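Asks: Sequence first, then the predicted structure, then my questions.
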Amino acid sequence: GCTAEVGELNENEVGQITLTGPTIALGYRLDPELTEKHFQYGRFLASDLGYFDEGNKLHVVGRSDDLVQIGGLGVSVTAVELTAEEHPDVANVAAVATPDEEWGSTITLFVVPRIGYQLPKGQLAGALIKHIKENLGTNSRPRRVVQLDSLPTLPVGKVDRAQLKEWAANPAEIISQS
């Protein structure tokens, strides 16, 4: 078996997951560059972020490679997206980060409301910002929430994040989509 640990925690008790055990390093044997990059003090540095709950159960909340700096703190864009998905009035959601001179980065949340959603028109954005702030902290809240009829997709059906980043960087382009 292997053992999991969570590294240095941030204010929301989320840290990088590290693993130890006899089978962890098999794919890194005889590759010193890869070994140096992914191992520290005999522990495998996973690209995943997580935390242990009171019952010592590990929860994976995102990836360290999707971590952006907002106001000096690391924020997982995936965690923001997953938290927004929990809201009962959300059918589909995607979050993207864009550079910001003051904060380092900001998050724009694109949301498709659930058919027949309960909140009065115009209140979904505020409810999502509050939900994310309460669950992930102030720095994780999106600066902008854009309500769409559907998320743009690539020919293979995946969300077109490049298009969303372009819209987030150029808000005037969103108007024709919402």
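Replies: Now that the structure is in, tell me what you want to look at.

Asks: Excluding chain neighbours, what is closest to residue 74?
Replies: Among residues not flanking residue 74 along the chain, residue 67 sits closest, at 4.5 Å (CB to CB, 6 or more residues apart in numbering). Glycine gets a C-beta too; all of them are placed from N, C-alpha and C.

Asks: Next one: that neighbour, what pLDDT does it get?
Replies: With respect to pLDDT, residue 67 has a value of 71.

Asks: So what's the residue count around it?
Replies: By other CB atoms under 10 Å, 22 other residues sit near residue 67.

Asks: dump the residue contacts of it.
Replies: 49, 74, 75, 76, 77 (CB atoms under 8 Å, 6 or more residues apart in numbering).

Asks: List the beta-bridge partners for it.
Replies: Beta-bridge pairing for residue 67 (DSSP bridges): residue 76.

Asks: Name the helix or strand for the most centrally placed residue in the chain, please.
Replies: Residue closest to the mean C-alpha point of the chain, counted by CA atoms, centre = their mean, is residue 78 at 1.7 Å. Under DSSP states H and E, the secondary-structure element containing residue 78 is helix 77-85.

Asks: what's the angle from the helix or strand that that helix is followed by to helix 77-85?
Replies: Counting by DSSP H and E, the next helix or strand C-terminal to helix 77-85 is strand 90-100. Inter-element angle recorded for strand 90-100 and helix 77-85: 150 degrees (by axes from the mean of the first three to the mean of the last three CA atoms, to 10 degrees).
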